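Chemist: coordinates only, sequence not included:
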């Protein structure tokens, strides 16, 4: 399953699914707003669902991942 990174009205990272629903990526460690904005709109792969709204994700294209 895939989703796209979007920004909520409160400037939080969200996932947008094809069916229009949203979720929260919990394993993305974004240290700056610039890091987040550079990834906005990128497609991520859903790896697991930890609760009804919380998901672990990964970038299917390694070039999209943030450097550690």
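Modeler: Arrived safely, thanks for sending. Fair warning: this is a prediction, and the values are worked out from it, not measured in the lab.

Chemist: CA only for contacts and neighbour counts going forward, please
Modeler: Will do.

Chemist: List the buried residues for the helix or strand bottoming out on mean pLDDT in the chain?
Modeler: Least confident helix or strand of the chain, by mean pLDDT, DSSP states H and E, is helix 33-39 with a mean of 85. By neighbour count, with 16 or more other Cα atoms under 10 Å as the criterion, the buried positions of helix 33-39 are 36, 39.

Chemist: Going along the chain from that helix, find the next helix or strand for me.
Modeler: Later in the chain than helix 33-39, the nearest helix or strand by DSSP states H and E is strand 43-49.

Chemist: any idea of the mean pLDDT in that following strand?
Modeler: With pLDDT averaged residue by residue, strand 43-49 scores 94.

Chemist: so where's this protein shaky on pLDDT?
Modeler: Counting by pLDDT under 70, the chain shows low-confidence ranges at 64-68.

Chemist: Just the strands from this protein, written as ranges.
Modeler: With DSSP state E as the definition, the chain shows strands at residue ranges 2-7, 13-16, 22-25, 43-49, 54-58.

Chemist: Just tell me which of the ones you listed ends up closest to residue 33.
Modeler: strand 13-16 (10.0 Å; Cα to Cα).

Chemist: which strands and helices sit next to the closest one?
Modeler: strand 2-7, strand 22-25 (3 or more Cα pairs under 8 Å, 6 or more residues apart in numbering; DSSP states H and E).

Chemist: List just the one of those that sits closest to residue 34.
Modeler: Nearest to residue 34, of the helices and strands packed on strand 13-16 and by Cα to Cα, is strand 2-7 at 12.6 Å.

Chemist: Next, the angle from the closest one to strand 43-49.
Modeler: When axes from the mean of the first three to the mean of the last three Cα atoms, to 10 degrees is applied, the directions of strand 2-7 and strand 43-49 differ by 110 degrees.
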